[in-house]
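>>> Got a predicted structure here, sequence first:
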Amino acid sequence: MNPLAELRYFFTALGYFTRVPVPRWVGYEPHYLNAAARYFPLVGVLIGGSSALVYLAALHVFPAGVAVLLSMAVSLLVTGAFHEDGLADCVDAFGGAYTREDVLRIMHDSRIGAFGAIALVVALALKWQTLAALPPLRAASLMIAAHAASRTWAISYLVTLDYVRAEGKAKPVAQRLSLTAMLCAALFGLPWLLWPNGVALADWRFAGSTLALLIVLRFALGRYFVRRIGGYTGDCLGFAQQIFELSIYLMGLAWISS
């Protein structure tokens with residue numbers, strides 16, 4: 001393993017998924033992106049950590065609902081709403097088309113339709129209300145866990161499904177991911193589900209239940225993608241990431257409410 005190459009791949013992942021400036025020496029080659037996929041969950045840790053810090057700091061001044069909104073604004077600003085765009089495009093396409101060709105055409109259209117707008121409002125409102133209802137430390141830890149784990153499951157489609165476009169913004173990423181790289185991604189992204197009280201039996205049960213839910217969702221979404229378009233696009237990965245992230249928040253709230 002070449003440490004300099006791995007650092008380049010990490011910065012490539014950071015530059016691709018966020019608006020954070022990266023050093024010029026990193027450069028860019030298409031094959032960097034596929035090699036960088038293992039670091040996508042680690043980028044999620046940084047995004048979730050930034051959101052959590054803003055949330056905890058804002059709680060000293062504002063009510064929980066406002067603090068959560070500020071944390072969400074930070075994550076949207078840092079990522080440029082990259083994954084939310086995929087959510088809107090997919091809901092517009094899957095909800096408004098019947099044939100594979102029409103789905104891909106609508107998904108490629110940069111304009112947002114009624115289905116996509118509604119999906120964005122519902123998803124953002126659910127995140128806001130769910131996180132605001134959680135105890136502060138639990139909400140902060142779930143922000144980190146959800147951003148990291150959701151990206152882990154989203155890139156798992158690179159292992160098993162085919163990219164369906166001849167060209168596209170995700171094409172450099174979309175080469176088949178090796179099991180070794182996927183294992184690295186899982187090590188970066190999944191243990192956060194146990195943080196910060198991973199020694200408690202309840203946290204192990206929560207992590208196990210959440211992983212079971214994510215596995216079911218992962219295969220259900222994958223089958224749907226294959227049935228509708230024969231594989232996945234970059235927008236499908238963004239859509240999946242949003243569904244996984246929201247599912248973790250909802251599971252966290254359901255767990256403490258039960």
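Now that the structure is in, tell me what you want to look at. Residues are numbered from 1 along each chain as shown.
>>> measure the residue nearest to Thr130 when sequence neighbours are not counted to Ser150 for me?
Excluding its sequence neighbours, the residue lying closest to Thr130 (C-beta to C-beta, 6 or more residues apart in numbering) is Tyr249, at 4.4 Å. Bear in mind the C-beta positions are built from the backbone N, C-alpha and C, glycine included. As judged by C-beta to C-beta, to the nearest Å, Tyr249 and Ser150 stand 10 Å apart.
>>> same deal with Leu253?
Counting by C-beta to C-beta, the gap from Leu253 to Ser150 is 16 Å.
>>> neighbour-wise, which of the two wins?
Using other C-beta atoms under 10 Å as the criterion, Leu253 and Ser150 rank with Ser150 on top: 26 against 20.
>>> check contacts around the more buried one.
For Ser150, the contact set (C-beta atoms under 8 Å, 6 or more residues apart in numbering) comprises 44, 241-242, 244-245, 248.
>>> tell me the two of those that are most distant?
Across these, no pair lies farther apart than Gly44 and Gln242, at 12.3 Å, counting by C-beta to C-beta.
>>> quick one: which of these two has more around it?
Per other C-beta under 10 Å, whichever of Gly44 and Gln242 has more neighbours is Gly44, with 31 against 25.
>>> Not counting stretch 87-94 itself, show me its contacts.
102-104, 106-107, 109, 112-113, 115-120, 123, 224, 228, 235-236, 238-239, 242-243.
>>> Surely Ala64 touches Ala132?
Yes: taking contacts as C-beta atoms under 8 Å, Ala64 lies within contact range of Ala132: 4.7 Å.
>>> can you list residues touching both of the two?
Joint contacts of Ala64 and Ala132 (C-beta under 8 Å, 6+ apart) are Ala139.
>>> Can you show me the helices along the chain?
Along the chain, the stretches classed as helices by DSSP state H are 3-17, 30-36, 40-58, 64-79, 82-96, 100-108, 114-132, 136-155, 157-160, 179-189, 201-229, 234-257.
>>> Quick one: mean pLDDT over the shortest one.
The one in question is helix 157-160. For helix 157-160, mean pLDDT rounds to 93.
>>> The third one now?
Model confidence over helix 40-58 averages 97 on the pLDDT scale.
>>> what packs against it?
For helix 40-58, the packing partners by 3 or more C-beta pairs under 8 Å, 6 or more residues apart in numbering; DSSP states H and E come out as helix 3-17, helix 64-79, helix 136-155, helix 179-189.
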